[in-house]
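[1] A structural model of the following input is requested.
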Amino acid sequence: MSENPARPAPTAEDEVAGLCSDLIRIDTTNPGDHSGPGERRAAEHVAGLLSEAGLEPELLESHPGRASVVTRIEGTDRTRPALLIHGHLDVVPADAGDWAVHPFSGEVSDGFVWGRGAVDMKDMDAMILAVIRQRLAEGRRPPRDLVLAFLADEEAGGSWGASWLVDTHPQLFEGVTEAIGEVGGFSATIGGERLYLLQTAEKGMAWLRLTARGTAGHGSMLQADNAVTTLAETVARIGRHEWPVRLTPAAQAFTEAACQAMGVDFTRSDCRSTLAKLGPLSRMVGATLTNTANPSMLEAGYKVNVVPQHAAASVDGRFLPGHEDEFLAELDGLLGPGVQREFIHHDVALETTFDGDLAEAMTAALVAADPGAKVVPYCLSGGTDAKSFSRLGIRCFGFTPLRLPPDLDFAGMFHGVDERVPVDALRFGTRVLDDFLDRC
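    Numbering: from 1, shown residues only. Modelled structure (predicted):
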């Protein structure tokens with residue numbers, strides 16, 4: 001009597017949605033301090049999956065519960081410089097009462113994986129794990145060394161994740177010259193044409209705390225020196241300020257490609273209104289044309305009939321590559337008398353060119369999976385762990401390949417309610433990532 005043949009190992013496409021769902025179910029909320037659950041449970045889960053595949057991952061804890069995972073895969077040509085592939089394990093908070101499904105359910109329904117982190121960025125973590133597990137099971141080594149990093153604390157600037165690793169364990173990235181990470185390689189359908197946005201630049205971060213001081217007193221009396229009023233006026237000026245357009249090379253390349261797809265002429269003076277025609281994507285892409293400063297938090301007072309001595313606000317400032325000094329000077333001109341600013345978190349802007357072997361490999365892998373598509377560079381309005389790795393001289397790109405439905409508000413998924421990623425997009429991403437690793 002013959003034995004039943006062994007079942008074939010699951011492929012990356014088979015595994016990826018389940019891996020993403022499992023990661024979402026591990027709550028790694030990062031409130032910006034150490035009050036959250038931390039990333040250790042997720043790091044241990046990732047380390048276990050890598051160990052099953054025959055790797056020897058290192059779990060590194062920067063603070064109790066704040067853990068990252070790093071491992072290296074030997075390539076066939078060890079004379080070549082290594083490639084870093086990084087993703088973060090933490091997520092921003094989510095209020096379950098606002099969601100159609102629980103944000104940490106990892107529910108798979110209606111063709112989507114739902115939950116906090118589905119696009120930011122447990123989708124890429126899952127794609128990396130799925131592809132690497134399949135390649136190792138099949139004995140397929142990459143052409144160059146790969147360093148895989150699954151990181152803590154990206155959502156609060158990386159101080160306890162990528163930045164800490166770069167400062168305290170730089171040897172883990174020895175020989176690395178290039179890196180890929182989040183928010184690039186996704187599709188946007190413009191004028192009926194599918195463009196893939198490959199991230200070659202990202203804005204710098206200037207998270208600021210503004211403080212106004214005045215005279216404390218009884219709320220029933222005249223208070224000419226009111227800290228709340230002074231601060232509120234400053235916050236309103238900043239929030240309503242229209243920053244001038246400054247086209248970086250990446251932003252101009254994307255704008256020109258978008259104009260071509262829409263069949264309109266590119267005009268520098270009118271590019272803001274042109275990109276407004278992109279629908280929901282315009283909020284993210286439009287923010288790459290200018291510096292930005294969004295008031296995000298207010299704090300003042302302790303009783304309705306007491307005028308407080310001081311008031312504070314938080315502002316999320318982002319500056320374009322090459323425009324930090326201009327941004328800070330313009331912001332200072334918006335501050336009211338006596339309003340002081342200090343950095344909560346401050347980090348660099350980045351920009352590289354859309355050329356070289358790695359850019360060609362990413363482009364070729366996308367076009368092979370979606371013939372006829374066009375790959376264009378763009379600037380990310382947010383920031384990533386690439387900022388930390390750039391301090392090691394690593395050239396960084398954003399490449400999380402996803403083929404998306406034209407009607408999906410992908411930009412709105414980041415830090416948004418009902419965050420979700422299409423299962424088909426995850427499967428597409430594993431095919432592209434696997435092909436890319438053969439070409440890299």
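[2] residues contacting the closest residue to residue 362 other than its chain neighbours?
    Nearest in space to residue 362, with sequence neighbours left out and distances taken as C-beta to C-beta, 6 or more residues apart in numbering, is residue 399 at 5.3 Å. Using the backbone N, CA and C atoms, a C-beta is placed for each residue, glycine as well. Neighbour list for residue 399: 180, 181, 184, 185, 198, 199, 362, 436 [criterion: C-beta atoms under 8 Å, 6 or more residues apart in numbering].
[3] got it, and residue 25?
    Taking C-beta under 8 Å, 6+ apart as the definition of contact, the neighbours of residue 25 are 104, 105, 106, 115.
[4] likewise for residue 253?
    Applying C-beta under 8 Å, 6+ apart, the residues near residue 253 are 354, 376, 377, 378.
[5] in three-state terms, label the last one for me.
    Read that as residue 378. Residue 378 carries the three-state label strand when classified by DSSP: H, G, I helix; E, B strand; the rest coil.
[6] how much space separates it from residue 165?
    Separation of residue 378 from residue 165 (C-beta to C-beta, to the nearest Å) stands at 27 Å.
[7] how about TSV for the contacts of residue 253, with pLDDT and neighbour count added?
    Supplementary listing: these in TSV, determined by pLDDT from 0 to 100; neighbours: other C-beta atoms under 10 Å:
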residue	pLDDT	neighbour count
354	96	19
376	95	22
377	95	26
378	94	29
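[8] re the thing from before, are any of the contacts of residue 25 buried, and which?
    Taking 16 or more other C-beta atoms under 10 Å as the criterion, what is buried in these is 104, 105, 106, 115.
[9] go through those and say which is closest to residue 204.
    When those are compared for distance to residue 204, the smallest value, 29.8 Å, is given by residue 115; criterion: C-beta to C-beta.
[10] looking at residue 190 now. What's its pLDDT?
    The score at residue 190 is 88. That number is its pLDDT.
[11] domain ranges for the chain?
    Each structural domain of the chain that the record assigns through automatic domain parsing is listed here as a residue range: 12-200+350-439, 204-243+292-348.
[12] circling back to that earlier point, for residue 10, state which of the contacts of residue 399 is nearest.
    Taking C-beta to C-beta as the measure, residue 436 is the one of the contacts of residue 399 closest to residue 10, at 20.7 Å.
[13] is it true that the closest one lies in a helix?
    Yes: if the criterion is three-state DSSP, then residue 436 is within a helix.
[14] and it, how many neighbours?
    Close neighbours of residue 436, defined as other C-beta atoms under 10 Å, add up to 26.
[15] quick one: closest of the domains of the chain to residue 283.
    With respect to residue 283, and counting by C-beta to C-beta, the nearest of these is domain 12-200+350-439 at 5.8 Å.
[16] could you tell me the end-to-end distance of the closest one?
    End-to-end distance for domain 12-200+350-439: 18 Å, by C-alpha to C-alpha, to the nearest Å.
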